[in-house]
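# My questions are about this predicted structure, shown below with the sequence.
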Amino acid sequence: MAQLWLEKELLHSDVEIVSVAEPFRGQDATNRLFRQIIGAFAEFEKARIADRMSGGRKVKASQGRYAGGGTPRGYKAQRGAGKYLLDPEKVIVVQRTFQMAGEGLNLQEIADRLNQDGLSTAQGDTFHRTQVRRILLHKDVYLGTYSYGGLSVAGEQPRLLYADKEAATP
């Protein structure tokens, strides 16, 4: 328990722990017990909040809605609504990346072509193999699947790619 370690370290430095909210002070056994009980309740409440937040994210994800985390290139997150929205400036990068990968270009060749076309990463830098690889790793999202916490379902996000045999109209 971090609270006990912190109290011990403060006491070694001759720092007295005083609470303005609770009517106890000092290091007698009763006051230490009360501080530990209050600390245990605080830790318990923090765990309950984390469980509720996690449960809410899992429900959102099971509905194919954005539940948090990083946003794949080509999308921007509408956090309150739990949706991925298209980021028109970045959609072209995703589609060009997959087009070039389909032509058999390797990661570095794709990065070089994106840079030659004047396109840049989300941070405004030049493309390298790593950024191209990250885009390619999100293929399932671009095809319409949403994954979160080990769950994969049909997502609500607009699709950027279509399987070979599907029509390319949304």
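Okay, I see it. Numbers count the residues shown, from 1 in each chain.
# Check the spacing between residue 27 and residue 16 real quick.
Taking C-beta to C-beta, to the nearest Å as the measure, residue 27 falls 9 Å from residue 16. In this view, the C-beta of every residue, glycine as well, is placed from N, C-alpha and C.
# SS state for the spatially most central residue of the chain?
Residue closest to the mean C-alpha point of the chain, counted by C-alpha atoms, centre = their mean, is residue 69 at 1.6 Å. Put simply, residue 69 is coil when judged by DSSP: H, G, I helix; E, B strand; the rest coil.
# And the contacts of the one helix or strand in the chain whose mean pLDDT sits lowest?
The least trusted helix or strand in the chain, going by mean pLDDT, DSSP states H and E, turns out to be helix 2-12, with a mean of 77. Identification of contacts with helix 2-12 by C-beta atoms under 8 Å, 6 or more residues apart in numbering yields 17, 27, 35, 36, 39, 43.
# Check stretch 50-69 too.
Contacts of stretch 50-69 (C-beta under 8 Å, 6+ apart): 77-79, 82-84, 146-149, 151, 153-157.
# Same question for stretch 98-107.
So stretch 98-107 is contacted by 109, 110, 113, 129, 132, 133, 135, 136, 139, 142, 161 (C-beta under 8 Å, 6+ apart).
# at 6 Å instead, please
For stretch 98-107, the external contacting residues (C-beta atoms under 6 Å, 6 or more residues apart in numbering) are 110, 129, 132, 133, 161.
# hang on, the earlier thing: show me what secondary structure element comes after the least confident helix or strand of the chain.
helix 29-62 (DSSP states H and E).
# in that next one, what counts as buried?
31, 35, 39, 57, 60, 61 (16 or more other C-beta atoms under 10 Å).
# can you state the direction angle for it and helix 2-12?
140 degrees (axes from the mean of the first three to the mean of the last three C-alpha atoms, to 10 degrees).
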